[in-house]
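A.B. asks: With the input below, show me the fold.
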Amino acid sequence: MISDLIYNRQYPPEGLNPFIAFYWALENPTDMDEDVTILPDGYFDIIYVSDKGKPFRPLLFGLATKQAHVVVKSRSLALAISFKLPAAETVLDHGIAGFTDHFDVLEDSHWPGFLSFDLEFSTFCDHVNEKLSQWARPHNMDIIRILFESIYKSAGNKTVSELSLQSGWSTRKLNRYFQHYFGIPLKTYCNILRFRSSFNHLHLGELHPSAEFTDQSHFIREIKKYAGTTPGVLARNPGDRFIQFSTLPLN
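C.D. replies: Reported below is the predicted structural model:
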């Protein structure tokens, strides 16, 4: 059963907050595979996966724009970093534009060194903290910080025009930046964050839209778009299949 999965979460030091949302570990200690559904949350992940004692494999999971069905293998362990978007320029040579809605083996010159240490969760977090603290920041980090502070603080409830005024970048430059590094339009990303902001309300059984949605029909339409089901089904979480509602702590 999915309740047998073991989940842990740890947060980065303050200096890495602009880049890392959190670290997480997911273990399936049973002899049964578990089918789970992952929902878009606005982050991209680097995940080290080992099953049945095999060596860890680094995978990159780009931004999700729709639900993804994943099998958590029996006797497996995943250790992962959930990155905020400003990290794409810093931690990967190529950005994440080519990884939307799928996993792939990570082949990047930054990351092979992470395979040689004892991948206990706390050690993993400490090692990543140390490595990322040493890496250079994007040359335009001040503008990026202002841009994403506004996006995250509003849970995506900003128009592209408003974000253009706040960042000092034109709407055209903003959209080019998002397409180049992240593979989706800025408006789509804001919509995903609005969807993610509904998790807490739905988890509490609140099926009415929050301030981020204009009305009930808009709320239902957006939930269906990103979760593939209605708010009522998502809130009930039949079979505990939506892992964010079953095992992940909600912010």
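A.B. asks: residues near residue 120, how many?
C.D. replies: 11 (other C-beta atoms under 10 Å). No exception for glycine: its C-beta is placed from N, CA and C like everyone else's.
A.B. asks: Look at the closest residue in space to residue 162 that isn't next to it in sequence and tell me its secondary structure.
C.D. replies: Excluding the flanking residues, the one nearest residue 162 by C-beta to C-beta, 6 or more residues apart in numbering is residue 150, at 7.9 Å. Recorded secondary structure, residue 150: helix (DSSP: H, G, I helix; E, B strand; the rest coil).
A.B. asks: ok, residue 241 touching residue 34?
C.D. replies: No - judged on C-beta atoms under 8 Å, residue 241 makes no contact with residue 34 at a distance of 9.4 Å.
A.B. asks: ok, those two, which is more surrounded?
C.D. replies: residue 34 (21 against 17).
A.B. asks: pLDDT wise, what is the more buried one at?
C.D. replies: With respect to pLDDT, residue 34 scores 91.
A.B. asks: now the strands for the stretch 1-150 of the chain?
C.D. replies: 6-10, 20-28, 34-38, 44-51, 57-61, 68-72, 76-83, 103-105 (DSSP state E, counting those that start in this stretch).
A.B. asks: Just the mean pLDDT for the fifth one, thanks.
C.D. replies: Same thing as strand 57-61. On average, strand 57-61 scores 87.
A.B. asks: Number the residues from 49 up from this point.
C.D. replies: Got it, first residue is 49 now, which makes that one strand 105-109.
A.B. asks: and it, which residues are buried?
C.D. replies: 106, 107, 108, 109 (16 or more other C-beta atoms under 10 Å).
A.B. asks: now the longest one
C.D. replies: With burial defined by 16+ other C-beta under 10 Å, the residues of strand 68-76 counted as buried are 68, 69, 70, 71, 72, 73, 74, 75, 76.
A.B. asks: Each with direction, which strands does it pair with?
C.D. replies: strand 54-58 (antiparallel), strand 124-131 (antiparallel) (DSSP bridges).
A.B. asks: and what of the shortest one?
C.D. replies: Each strand that strand 151-153 pairs with, and the sense of that pairing, follows from DSSP bridges: strand 105-109 (antiparallel).
A.B. asks: angle of the partner strand against strand 92-99?
C.D. replies: 150 degrees (axes from the mean of the first three to the mean of the last three C-alpha atoms, to 10 degrees).
A.B. asks: Run a quick neighbour tally on the residue nearest to residue 195 when sequence neighbours are not counted.
C.D. replies: Nearest residue to residue 195 in three dimensions, chain neighbours excluded: residue 215, at 4.3 Å (C-beta to C-beta, 6+ apart). For residue 215, the neighbour count with other C-beta under 10 Å is 22.
A.B. asks: Got the domain ranges for the chain?
C.D. replies: Residue ranges of the domains in the chain are recorded as 50-182, 189-294, according to automatic domain parsing.
A.B. asks: For the residue sitting furthest away from the middle of the chain, give me its contacts.
C.D. replies: Taking C-alpha atoms, centre = their mean as the measure, the residue most remote from the mean C-alpha position of the chain is residue 79, 27.7 Å away. Contacts for residue 79 (C-beta atoms under 8 Å, 6 or more residues apart in numbering) come out as 122, 123.
A.B. asks: From residue 128, how far off is it?
C.D. replies: Distance of residue 79 to residue 128, computed by C-beta to C-beta, to the nearest Å: 23 Å.
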